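K.L.:
Below is the structure, and that's it, no one-letter string:
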């Protein structure tokens, strides 16, 4: 009943930039925190950045100063602007939302299907 759909991944050279988007759709009453996570081959999924409903942000040390998370509450969308990309940023990027949605309404966490980001050296 609630879906998250990511877009914006792709192949980029080291030092380049990409912007990821994730739109939530369906029966949604409210969205609290939203975030981006990534999973590289053979590694566990890790937090990249989160943003609260009022705009408070949190970043992994590895991306501080290079990535910026933002959201448009009117569009139920979260963004991740990635600059100065490095080969070690290569991973599948997933968005996540803690929301109240569906019918009957319930609080739960939803994940997108993931989008591949590949950074070549």
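P.N.:
Perfect, I can see it now. Quick caveat: nothing in here was measured; it's all calculated off a predicted structure.

K.L.:
contacts and neighbour counts: CA atoms only from here.
P.N.:
Will do.

K.L.:
OK, contacts around the residue nearest to the spatial centre of the chain?
P.N.:
Residue closest to the mean C-alpha point of the chain, counted by Cα atoms, centre = their mean, is residue 36 at 2.9 Å. Residue 36 makes contact with 47, 48, 49, 50, 80, 93, 94, 95, 96, according to Cα atoms under 8 Å, 6 or more residues apart in numbering.

K.L.:
Quickly list what it is bridged to.
P.N.:
residue 49, residue 95 (DSSP bridges).

K.L.:
just the strands in the chain please.
P.N.:
Taking DSSP state E as the criterion, the chain carries its strands at 2-7, 10-13, 18-26, 28-39, 46-51, 57-59, 67-72, 77-82, 91-101, 106-111, 115-120.

K.L.:
Leaving out sequence neighbours, find the closest residue to residue 38.
P.N.:
Excluding the flanking residues, the one nearest residue 38 by Cα to Cα, 6 or more residues apart in numbering is residue 93, at 4.3 Å.
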